[in-house]
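In: This is a predicted model, with the sequence first.
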Amino acid sequence: MTDTTPEAPSAQPPLRRIVEKARIMSVDDMRRAISRLSHEILERNGGPDGVVIAGIRTRGQFLAERIVRKIEEIEDIKMPMGILDITLYRDDLQTVAKQPVVRSTEIPVSIVDKHIVLVDDVLYTGRTVRAAMDELIDFGRPRTIQLAVLVDRGHRELPIRADYVGKNVPTSQSEVVKVQFEEVDGEDSVLVCELEDEE
Amino acid sequence: MIATRKSLLGIRELDPDEIVEILDTAASFQEIQQRSIKKVPTLRGATVVNLFFEASTRTRSSFELAEKRLSADVLNFSASVSSVSKGESLRDTAKNIEAMNVDVLVMRHGSSGACHFLDRHVEARVVNAGDGQHEHPTQALLDALTLRDLFGKLEGLRVVILGDVSHSRVARSNIFLLTKMGAKVTVCGPPTMLPPEIQALGVEESTDVRAALREADAVNVLRIQFERTKESLIPSIREYARYFGINERKLSELPEGFTVLHPGPMNRGTEISHGVAEAHSGTILRQVSNGVAVRMAVLYLLYGGEARN
């Protein structure tokens, strides 16, 4: 045998790594998009009254915090915000290898008759949004449920669309869209990456 | 991690990481108990059988609520009204129930090790809801969650376990859990109720309640189990109440914030006085609500995919 590389266990699935392909939004792009989303939410609902922003853990939560801060700045008011953890409502719990970590859902106000704006970073298959709507409805009967996302990358598997979109990005299914927030990732940016099999 | 396990039979075989995982998950489930619709669809389609060979209201109701709040289908099976009273063996009972395609068996049994036996003979997951004088893992987990809620951590906490330690599965599971998490445990009670060589489990031993409590942050008061202690371990209930019962006088020497836990049901006037039971009812009832959250967490984590066929 001339092969000198350390033997890799053949039974293991190939390691995949994420390779950055393009930076589609910068700090400033994100700031402008969030500002526009906030204005659109206010315009559509005729002001902030009766509107509750609800972020989906974890990246949606950071986006929701930015939107809430922006609306508070525009309207000079305090705005309620909720956080949804959709783990217990996932439709793939029977198939994932390990049970995902459950975090708590925090809805500080009654949602009955309110306009709820669900917020997530990326809209992809729509399954997360389906789970979030199911969870939300367990808290009461909102007047409307609307959806705001920073990036819509297509490939829906359910009949779901967003009301407010930061940027539409056509992608292939082998790609990964990474939304980064300064709070957790050290910088604000949106990247398109490719999953590649490691040599 | 716990998701790779088939069953929860005792605390003894768990790693500290797994205990933290269960407690953290339970903390997330606490919030569901406050909602107006206290139900999530997580275990939809799963069938859970509560197999209770010993009388139990509290633990069985707590498990049943946990199962229902996770949307599982629940079947209750109690020994007194079942085929067991007609002479069927445990193995046959379990095999028959399993033939109906159940996913989880929650069992309480009077014999130590009954859950281990069951686990070897069935494909379904098994959760120990108390086996003889062996273990009662979910009770220890809910006690720990309550202590962690109140003190913020378990490491370094000083806990007295008071009462009939020899015959108590609650005591054993608590000792395993607390020592694994770095708490300092003292067992206390009349000498007839303390097992010989208990120090081998890494705990201190004391027969002086006042001295033990002075050095502690919390006490877990075990119920005097009249049904379980056939031989006389104590001269009289009155004498036990006087020397080992927790009352206002004993607590008056202790700092504010001293915590009293009781696994229930309480014998007021025996191991705990009426006044103390009232004053500490907040904590004791918190144990009950934490019980549902802990059992939801255990069912959720065990129902993971890896070990399933």
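Out: Thanks, I have it.
In: pLDDT below threshold where in the chain?
Out: Reading this off chain A. A:1-15, A:97, A:198-199 (pLDDT under 70).
In: I was thinking of chain B, sorry if that wasn't clear
Out: Short version for chain B, where the test is pLDDT under 70: B:1-3, B:80-85, B:227-231, B:304-309.
In: just the strands in it please.
Out: Assigned by DSSP state E, chain B shows strands spanning B:47-52, B:73-78, B:104-109, B:125-131, B:158-162, B:184-188, B:204-206, B:218-221, B:259-261.
In: which stretch among these comes nearest chain A?
Out: strand B:125-131 (12.6 Å; CB to the nearest CB). Just so you know, the C-beta spots here come from the backbone N, C-alpha and C atoms, and that holds for glycine as well.
In: so how far is that closest one from its chain's centroid?
Out: 11 Å (CA atoms, centre = their mean, to the nearest Å).
In: what's the answer for stretch B:169-180, then?
Out: 9 Å.
In: Equivalent analysis for stretch B:113-120, please.
Out: Taking CA atoms, centre = their mean, one finds the center of stretch B:113-120 at 18 Å from the center of the full chain.
In: Contacts for it next, please.
Out: B:6-7, B:9, B:53, B:90-91, B:94, B:105, B:107, B:109, B:126, B:128, B:131-132, B:134 (CB atoms under 8 Å, 6 or more residues apart in numbering or on different chains).
In: So among the residues you listed, which ones count as buried?
Out: Among the contacts of stretch B:113-120, those classed as buried by 16 or more other CB atoms under 10 Å in any protein chain shown are B:7, B:9, B:53, B:90, B:94, B:105, B:107, B:109, B:126, B:128, B:131-132, B:134.
In: and the closest residue to residue B:192 other than its chain neighbours, what is it in contact with?
Out: Among residues not flanking residue B:192 along the chain, residue B:233 sits closest, at 4.2 Å (CB to CB, 6 or more residues apart in numbering or on different chains). Listed by CB under 8 Å, 6+ apart, the contact set of residue B:233 reads B:164, B:166, B:190, B:192, B:193.
In: filter the contacts of stretch B:113-120 by proximity to chain A?
Out: Among the contacts of stretch B:113-120, no residue lies close to chain A (CB under 8 Å from any CB of the partner chain).
In: count of residues packed around residue A:71?
Out: 23 (other CB atoms under 10 Å in any protein chain shown).
In: If you count contacts, what does the helix or strand containing it end up packed against?
Out: Using DSSP states H and E, residue A:71 sits within helix A:59-75. If you count contacts as 3 or more CB pairs under 8 Å, 6 or more residues apart in numbering or on different chains; DSSP states H and E, helix A:59-75 packs onto helix A:27-44, strand A:51-56, strand A:81-84, strand A:115-123, strand A:144-152.
In: Touching, residue B:206 and residue B:188? I think so.
Out: Yes. Counting by CB atoms under 8 Å, residue B:188 is a contact partner of residue B:206 at 4.7 Å.
In: So which residues of the stretch 201-309 of chain B form helices?
Out: B:209-214, B:237-244, B:248-252, B:274-279, B:281-302 (DSSP state H, counting those that start in this stretch).
In: Dump the ones you listed to a markdown table, plus distance to chain A and mean neighbour count.
Out: Formatted as a markdown table, those follow (distance: least, CB to the nearest CB, whole Å; neighbours: other CB atoms under 10 Å in any protein chain shown):
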| stretch | distance to chain A | mean neighbour count |
| --- | --- | --- |
| helix B:209-214 | 34 | 17 |
| helix B:237-244 | 39 | 16 |
| helix B:248-252 | 34 | 13 |
| helix B:274-279 | 30 | 16 |
| helix B:281-302 | 5 | 22 |
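In: could you dump those helices to a markdown table with distance to residue A:142?
Out: Shown next, in a markdown table, are these (distance: least, CB to CB, whole Å):
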| stretch | distance to residue A:142 |
| --- | --- |
| helix B:209-214 | 52 |
| helix B:237-244 | 55 |
| helix B:248-252 | 49 |
| helix B:274-279 | 42 |
| helix B:281-302 | 26 |
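In: Which phi and psi values does residue B:102 adopt?
Out: Per-residue torsions, residue B:102: phi -90, psi 160 (degrees, to the nearest 10).
In: Count the residues that sit near it.
Out: 20.
In: ok, it touching residue B:75?
Out: Yes. Using CB under 8 Å, residue B:102 is in contact with residue B:75, at 7.3 Å.
In: which bits of chain A sit near chain B?
Out: A:85, A:88-89, A:93-99, A:101-106, A:134-135, A:138-140.
In: Narrow those residues to those in helices?
Out: A:134, A:135 (DSSP state H).
In: Give the ChimeraX command for selecting the buried subset of the residues of chain A next to chain B.
Out: To isolate the buried ones among the residues of chain A next to chain B in ChimeraX, judged by 16+ other CB under 10 Å, type:
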select /A:85,88,89,93,99,102,103,105,135,138,139,140
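In: what does chain B put close to chain A?
Out: Within chain B, the positions near chain A by CB under 8 Å from any CB are B:1, B:3-4, B:24-25, B:27-32, B:35-37, B:39-42, B:45, B:70, B:297, B:300-301, B:303-306.
In: and the residues you listed, which are buried?
Out: Buried among the residues of chain B next to chain A (16+ other CB under 10 Å): B:3, B:25, B:27-32, B:35, B:40-42, B:70, B:297, B:300-301, B:303-304.
In: how many other residues sit next to residue B:207?
Out: Residue B:207, neighbours per other CB under 10 Å, totals 15.
In: hang on, residue B:145 packs against residue B:294?
Out: Yes. Using CB under 8 Å, residue B:145 is in contact with residue B:294, at 5.8 Å.
In: Between the two, which contacts overlap?
Out: Common neighbours of residue B:145 and residue B:294 (CB under 8 Å, 6+ apart) are B:23, B:26.
In: can you pull the contacts of residue 161?
Out: Just going to use chain A. So residue A:161 contacts residue A:147 (CB under 8 Å, 6+ apart).
In: right idea, wrong chain: chain B
Out: Taking CB under 8 Å, 6+ apart, one finds B:171, B:174, B:175, B:185, B:186, B:187, B:188, B:203, B:219, B:220, B:222 in contact with residue B:161.
In: If we use 10 Å, what do you get?
Out: B:143, B:168, B:170-172, B:174-175, B:178, B:185-189, B:203, B:212, B:216, B:218-222, B:261 (CB atoms under 10 Å, 6 or more residues apart in numbering or on different chains).
In: Show the buried residues in these.
Out: Using 16+ other CB under 10 Å, the buried members of those are B:143, B:168, B:170-172, B:174-175, B:178, B:185-189, B:203, B:212, B:216, B:218-222, B:261.
In: Now do the shared contacts for residue B:102 and residue B:75.
Out: With CB under 10 Å, 6+ apart as the test, residue B:102 and residue B:75 both reach B:47, B:48, B:49, B:51.
In: re earlier: any idea which of the helices of the stretch 201-309 of chain B gets closest to residue A:191?
Out: Each of the helices of the stretch 201-309 of chain B was scored for nearness to residue A:191 using CB to CB, and the closest is helix B:281-302 (33.2 Å).
In: quick one: that closest one to strand B:125-131, angle?
Out: If you take axes from the mean of the first three to the mean of the last three CA atoms, to 10 degrees, helix B:281-302 sits at 150 degrees to strand B:125-131.
In: re the thing from before, possible to save the helices and strands packed on helix A:59-75 as JSON lines with mean neighbour count?
Out: Output for the helices and strands packed on helix A:59-75, formatted as JSON lines (neighbours: other CB atoms under 10 Å in any protein chain shown):
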{"stretch": "helix A:27-44", "mean neighbour count": "16"}
{"stretch": "strand A:51-56", "mean neighbour count": "25"}
{"stretch": "strand A:81-84", "mean neighbour count": "24"}
{"stretch": "strand A:115-123", "mean neighbour count": "25"}
{"stretch": "strand A:144-152", "mean neighbour count": "22"}
